[in-house]
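Chemist: give me a 3D structure for the following:
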Amino acid sequence: MKEYERELNEEQLRVVYEGDGPCLVLSGPGSGKTRTLVYRSAYLLEKDVFPERILLLTFTKKAAKEMFSRILRISNKGGEKICGGTFHHVGNLFLKKYASRIGYSSNFTIIDEDDSKNLIATILKETDEGRGLKAQVVKKIISLSTNSNKNIEKVVEDGFFYLDENITASIPVIADYYKKRKKENNLMDYDDLLFNWLQLLSYPDIQEEISSRFLYILIDEYQDTNRIQDDIVKKLSKVHGNILAVGDDAQSIYSFRAADIENILSFSKSYPKAKIFRLESNYRSTPEILDVANNVIKKNEKKLDKTLKSVHGSGSVPTIISFSNSFEQAKFIVDEIEKINNLDEVAVLFRAHYQCAEIEIELAKRRVPYIVRGGVRFFEQFHIKDVFAFLRILTNFYDETSWRRLLLRQEGVGEIGVKKIISKIKEEKNINSLAEKKDNIAPSRLATTGLSLLLSLLQRAEKEKRPEKIISIFLQGFYNEYLDLSFENARERKGDIKKVAELSTKYEDIGEMTDDLSLSEDFKGGEFFTQSKIRARGKVTLSTVHQAKGLEWGTVFIVSLKEGGFPHAKSIEDGLIEEERRLFYVAVTRCKRNLFLTYPLYSLREKELSSPSRFLEEMESEVYDSEERIVEKDSEEWEPF
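Modeler: Numbers count the residues shown, from 1 in each chain. Next comes the predicted model:
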């Protein structure tokens, strides 16, 4: 026990020693929640609880692996026999045992996301339902319906309202086919591992058997549970009631994945005898950074109170800086980054990917190595490449690569059709001559319709000089609808394309624009350096806030903090301000020492002034310093509008 008292603070020790019965541990960022769960598990083993009677539930394989390895390091009492892992992993174990009760064989196959989408794609072709709709959109809607306990119509109404009524009506039909096909082929997707596990627990004898088995249940990241997971936990803890849930309502940021913050907020109602513990000692950030975090999150009405306290001495005060526009913002950030020796300790965080476009360009221009966490670089994204393909055909009629990209976006055009059309393109002189023969080029009536639409848009675009207007023709004439039918995050992708349109306002013609931005596109975040130099300096991390959760850096820039940027316009529209505020809280608490909060005052595309984020307005003036970096219009540094 002396070792525990040496390794843990008083807040953590209370959880370890007093965590019997229903317990909720409110664990702030950087407060050692993993350490607490690990030592609680080891403590139970030392108290001669059989490891098989402990259930440890996590959300990622990585978290499970880390916890089990740490338990084994500090205890030799059979920690490897603890039942645990992700919810999906544990659900699979019980489904293998009891599959026959829900009409499956025990040798069922688990299909991954790609297999699931391929199966739905097959159903779409065979049934002719949801014409033009892509499998990944259908899969997302079905998944949200399953995990949020909402019917498909409600899911579409909340997040996919832009879909045509006929298409919307076909989705429940496709979902029924999908469910039937999985059952016939003895298949389960990831969502089924939860849904079917809950189904098993609805049988009283199975619930009794499983819940009697586990004397203690420990759950990590409880704020991220969905309705199904919460119901599973309630049924599992029915007999012994020893449930210890660790989480932080202030870091509940995954409602778009069906996570339900009410699970943690209503824990005391679900378990009236629950004890509440708070881990408030923060081992990551300086007091000044935590002042900002505490200052902001207190504005949320739906929350469980706690106040982060730093164990470190005083540091620099976070700075709010406003700029003339997003190009000036990017220049400042890269100026500051170039002063830092260890780039691995630097992160630029943003609400949406498009907000880092100018920063990527500036980093590339100055040959500063960087990585984009959890995704591809801005100009390498699928939909951005489609936009540039449209522009490049206008500057080079014989650009086969660009033609191929856009032809494959047309319904009814496959690889054989593409080959035939491109061979005809090589015989023509320009878009107009090709358009005159379009009826004799495409391999089918449907393909001819798609080719005709593309050619008509190119003909309209040829009459325009300004890149911004050409991008608008492409987006409004075809690509908006294509995105809606093809991607569950269509609105975010449209935002990215609007950012390209904003960048294009600097250019007089598309040739200049494609040449300039192609040079940026060729830079892969470090290739201009030798590997030894990259290892010596490291790489700057560019990341959305969602992808940054759980990580930390010495210096953090949170950028584009303006209304409609952060908080995001869609979240303002949908009334999700409290989740956006929690997201900002997560962003701030990634920082250890130096925090910069920045925003541009002027939008080059909308030609209007921006308002600073309400999260900045809400902060008390004593918790930050502020600067304005406004370039006068007659200055040589001023970017033309």
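
Chemist: quick one: secondary structure of residue 541?
Modeler: With DSSP: H, G, I helix; E, B strand; the rest coil as the basis, residue 541 sits in strand.

Chemist: is it true that residue 511 touches residue 395?
Modeler: Yes: the pair residue 511 / residue 395 is scored as a contact, 4.9 Å apart, by Cβ atoms under 8 Å. Where C-beta positions appear, they are placed from N, C-alpha and C, glycine not excepted.

Chemist: remind me which residues of the stretch 451-600 of the chain are low pLDDT?
Modeler: Residues of the stretch 451-600 of the chain meeting the criterion pLDDT under 70: 518-536.

Chemist: try it again with 50
Modeler: For the stretch 451-600 of the chain, applying pLDDT under 50 flags the ranges 521-530.

Chemist: what kind of secondary structure is residue 259 in?
Modeler: Following three-state DSSP, we place residue 259 in the coil state.

Chemist: next one: it relative to residue 162, how far apart?
Modeler: 24 Å (Cβ to Cβ, to the nearest Å).

Chemist: who's more crowded, these two?
Modeler: Using other Cβ atoms under 10 Å, the more surrounded residue of residue 259 and residue 162 is residue 259, with 22 against 14.

Chemist: residue contacts, residue 572?
Modeler: 563, 564, 580 (Cβ atoms under 8 Å, 6 or more residues apart in numbering).

Chemist: hmm, the last one is touching residue 571, no?
Modeler: To tie it back to what came earlier, the one meant is residue 580. Yes: counting by Cβ under 8 Å, residue 571 is a contact partner of residue 580 at 4.8 Å.

Chemist: quick check: which ranges of the chain have low pLDDT?
Modeler: Using pLDDT under 50, the chain drops low at 521-530, 633-641.

Chemist: tell me, what residue is most central in it?
Modeler: Geometric centre of the chain, nearest residue: residue 546, 5.0 Å, by Cα atoms, centre = their mean.

Chemist: check contacts around that one.
Modeler: Residues near residue 546 by Cβ under 8 Å, 6+ apart: 253, 254, 374, 583.

Chemist: who's in contact with the second one?
Modeler: Which is residue 254. Taking Cβ under 8 Å, 6+ apart, one finds 224, 546 in contact with residue 254.

Chemist: let's see 7 Å
Modeler: Counting by Cβ atoms under 7 Å, 6 or more residues apart in numbering, residue 254 touches residue 224.

Chemist: before we move on, back to that, neighbour-wise, which one of the contacts of residue 546 leads?
Modeler: For the contacts of residue 546, counting by other Cβ under 10 Å, the largest number of neighbours falls to residue 583: 26 neighbours.

Chemist: so which helix or strand takes in that residue?
Modeler: Taking DSSP states H and E as the criterion, residue 583 maps to helix 577-588.

Chemist: elements contacting that helix?
Modeler: On a contact count with 3 or more Cβ pairs under 7 Å, 6 or more residues apart in numbering; DSSP states H and E, helix 577-588 meets helix 287-297, helix 545-548, helix 569-573.

Chemist: after it, which helix or strand is next?
Modeler: Taking DSSP H and E, what comes next after helix 577-588 is strand 591-600.

Chemist: adjacent strands (with direction) for the next helix or strand along the chain from that following strand?
Modeler: As assigned by DSSP H and E, the chain's next helix or strand after strand 591-600 is strand 602-603. Note on strand 602-603: by DSSP bridges, its sheet partners are strand 608-609 (antiparallel).

Chemist: and the helix or strand following the partner strand, what does it pack against?
Modeler: Sequence-wise, the next helix or strand beyond strand 608-609 is helix 614-618, with elements assigned using DSSP H and E. With contacts taken as 3+ Cβ pairs under 7 Å, 6+ apart, helix 614-618 sits against no other helix or strand.

Chemist: I'd like to know which elements the next helix or strand after helix 614-618 is packed against.
Modeler: From helix 614-618 onward toward the C-terminus, using DSSP H and E, the following helix or strand is strand 625-629. Secondary-structure packing of strand 625-629 (3+ Cβ pairs under 7 Å, 6+ apart): strand 319-323.

Chemist: put the alpha carbons of stretch 355-366 into CSV.
Modeler: Listed next in CSV are the C-alpha coordinates belonging to stretch 355-366 (Å, rounded to 0.1, in the frame of the first residue of the first chain):
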residue,chain,number,x,y,z
GLN,A,355,-9.0,26.3,-41.8
CYS,A,356,-5.4,25.1,-42.1
ALA,A,357,-5.1,25.6,-45.9
GLU,A,358,-3.2,28.8,-45.8
ILE,A,359,-1.0,27.5,-43.0
GLU,A,360,-0.1,24.4,-45.1
ILE,A,361,0.8,26.7,-48.0
GLU,A,362,3.0,28.9,-45.8
LEU,A,363,4.7,25.9,-44.2
ALA,A,364,5.4,24.4,-47.6
LYS,A,365,6.7,27.7,-48.9
ARG,A,366,9.2,28.0,-46.1
